[in-house]
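1. Quick check, what structure comes out for this input:
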Amino acid sequence: SDNYLFEILPRKEILDPLMLLYFENFETTFRILHQPSFWDEYNKFWQDLETGSPGFVAILLLLASMVSCLSSREQPKYVGAFSPRENWVSWIEACDLWLNLQSQKHLNLANFQIRCLILLSKQMIMVKEKQAWTSATSLLSFSISAGLHRDPSLLSGRISIFDQEMRRRLWGTIVEIEIQASIDRGVRPFSTDLPFDCPPPSNLDDVEFSITSEQLPKEESSISFTGTPFLSNLHRSRSYRTALISIINNPMSDLQYEEVL
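-> Okay, here's the model as predicted:
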């Protein structure tokens, strides 16, 4: 339930360093959240908990579960029937169950963000690792059914400039998660021949646009370091990488190692 998510949320003094740890370690690779708007909502949430949405609480729980294993100064010890990892797993499971109860008629950005964070959280603390590939392909299929693979500018006038850019970031992240899961599983990525027209995310720092932006500024060159160049540049090599992964993992191929090199 919504109330249960609020009940299991750790205290602010515990979450503060974990949130910083997440942005330092994950948002430089995958782009799921927008830092300024996140911190704005985060600060407002702690000023008045009743104004917080259950979706935002789910995001906080998933971020905490994802990076808690990075923040422990001492090796976690198993005591009786409880260990820190079991606590993190319970947060993920609660968010997973809560998400399954939500309506899919009117999906917002938080819905896709939570789905990405659930996958990454499970990978970080090795929860159902053998299901990582099927979970990634399910997320890809779900995103396609929701139209995330289409150019968000087609929805111009119906969604904001901010939402359009975040959709580009989330689509790029979801495709890369699926490709990585395919490498780990040793299979051909489903996204190899997938037709989509969603452009790569703009190479912009988060501070350069906001929820109220009416247009995006001119993006930086591909060699300029912002908060997004890694994901943006991955788009350029995607067709080569998926082709190579497909060749290597084709069971009908007698490709020789020298040919792969």
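
2. Contacts only, for L139.
-> 115-116, 119, 174, 177-178 (C-beta atoms under 8 Å, 6 or more residues apart in numbering). To be clear about C-beta, it is placed using only N, CA and C from the backbone, and glycine gets the same treatment.

3. Next up, phi/psi of it, please.
-> phi -60, psi -40 (degrees, to the nearest 10).

4. Need the pLDDT of it.
-> pLDDT, L139: 92.

5. quick one on the thing from earlier: could the contacts of L139 be laid out in JSON lines, adding secondary structure and pLDDT?
-> Below are the contacts of L139 laid out as JSON lines (DSSP: H, G, I helix; E, B strand; the rest coil; pLDDT from 0 to 100):
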{"residue": "R115", "secondary structure": "helix", "pLDDT": "93"}
{"residue": "C116", "secondary structure": "helix", "pLDDT": "94"}
{"residue": "L119", "secondary structure": "helix", "pLDDT": "93"}
{"residue": "I174", "secondary structure": "helix", "pLDDT": "93"}
{"residue": "I177", "secondary structure": "helix", "pLDDT": "92"}
{"residue": "E178", "secondary structure": "helix", "pLDDT": "92"}
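
6. For N25, state which of these is nearest.
-> Distance ranking of these against N25, using C-beta to C-beta, places C116 first at 15.0 Å.

7. what's the burial count for S71?
-> 12 (other C-beta atoms under 10 Å).

8. That one and L21 touch, don't they?
-> Yes - if you go by C-beta atoms under 8 Å, S71 and L21 touch, sitting 5.7 Å apart.

9. Over to S213. Which of the three states is it?
-> coil (DSSP: H, G, I helix; E, B strand; the rest coil).

10. again with F23
-> Going by three-state DSSP: F23 is helix.

11. So it sits against I32, correct?
-> No - taking contacts as C-beta under 8 Å, F23 lies outside contact range of I32: 10.3 Å.

12. Just want to know which of those two has more residues nearby.
-> I32 (24 against 17).

13. can you list the residues that contact the helix or strand where I59 lies?
-> I59 belongs to helix 54-71 when assigned by DSSP states H and E. Contacts with helix 54-71, where a contact means C-beta under 8 Å, 6+ apart, come from 2, 5-6, 8-10, 14-15, 17-19, 21-22, 25-26, 33, 41-42, 45, 84-85, 88-89, 91-92, 94-95, 98-99, 108, 110-111, 113-114, 117-118, 120-121, 124-125.

14. What number of residues are in the vicinity of S1?
-> 11.

15. now swap in the one 4 residues further on and tell me
-> Using other C-beta under 10 Å, L5 has 21 other residues around it.

16. so what's it closest to, chain neighbours aside?
-> Closest residue to L5 apart from its sequence neighbours, by C-beta to C-beta, 6 or more residues apart in numbering: V57 at 4.5 Å.

17. now do W133
-> Using C-beta to C-beta, 6+ apart, the nearest residue to W133 is R185, at 3.9 Å.

18. what bits of this structure have low per-residue confidence?
-> Applying pLDDT under 70 to the chain picks out residues 72-82, 220-225.

19. Show me what whichever strand or helix holds I92 is packed against.
-> Element membership for I92, per DSSP H and E: helix 84-100. In terms of contacts (3 or more C-beta pairs under 8 Å, 6 or more residues apart in numbering; DSSP states H and E), helix 84-100 is packed against helix 2-8, helix 54-71, helix 109-124.

20. Buried residues of that helix, list them for me.
-> For helix 84-100, burial by neighbour count (16 or more other C-beta atoms under 10 Å) applies to 85, 88-89, 91-92, 94-96, 98-99.

21. pretty sure I161 is touching T212, no?
-> No - with contact defined as C-beta under 8 Å, I161 does not count as touching T212 (9.1 Å).
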